[in-house]
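J.: dropping the sequence and predicted coords here.
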Amino acid sequence: MTIHYEYDYGRLVGISYPDHPENNVKHHYGGINSSYNRIGRLMLREDGITIDYKAKYVKQQQSIKDSYKDFGVAYNGEDNDD
């Protein structure tokens, strides 16, 4: 079994498994216009088993936001300590 490693300027950009292409890995690095100090840094790793946590948690956050209820509280301008 042979494993192929691909580099770009010394950075690992890909690993390919000819016998099992579903396990191939790609690395994406930040370009010139990247934000959050990602220029030249690993931004994304793609492989056959990676979970997209951003999409997972954005969906979860949306469901949390949707479950909040609004309710009114009467206030007459006085202290209502009971």
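T.: In hand now; what should we look at?
J.: tell me where the model's unsure across this structure.
T.: The chain contains residues with pLDDT under 70 at 50-75, 79-82.
J.: let's see that with 80 instead.
T.: 36-38, 48-82 (pLDDT under 80).
J.: wait, what's in contact with His27?
T.: By CB atoms under 8 Å, 6 or more residues apart in numbering, His27 lies in contact with Arg11, Leu12, Val13, Gly14, Leu42, Leu44, Arg45, Glu46. Every C-beta, even on glycine, is put in place using the N, C-alpha and C of the backbone.
J.: please list the members of those residues that lie in strands.
T.: Assigned to strands by DSSP state E, the following of the contacts of His27 qualify: Arg11, Leu12, Val13, Gly14, Leu42, Leu44, Arg45, Glu46.
J.: go ahead and confirm Ser16 touches Asn24.
T.: Yes. Assessed by CB atoms under 8 Å, Ser16 is found in contact with Asn24 at 4.9 Å.
J.: a markdown table for the ones in strands among the contacts of His27, including distance to Asn33 and neighbour count?
T.: As requested, the ones in strands among the contacts of His27 are exported to a markdown table (distance: CB to CB, whole Å; neighbours: other CB atoms under 10 Å):
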| residue | distance to Asn33 | neighbour count |
| --- | --- | --- |
| Arg11 | 18 | 12 |
| Leu12 | 22 | 15 |
| Val13 | 19 | 14 |
| Gly14 | 22 | 14 |
| Leu42 | 16 | 12 |
| Leu44 | 15 | 12 |
| Arg45 | 20 | 11 |
| Glu46 | 20 | 12 |
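J.: now distance to Met1 too, for those, in TSV please.
T.: As requested, the ones in strands among the contacts of His27 are arranged in TSV below (distance: CB to CB, whole Å):
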residue	distance to Met1
Arg11	24
Leu12	19
Val13	21
Gly14	17
Leu42	26
Leu44	26
Arg45	22
Glu46	21
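J.: which one of those residues is nearest His4?
T.: Gly14 (7.8 Å; CB to CB).
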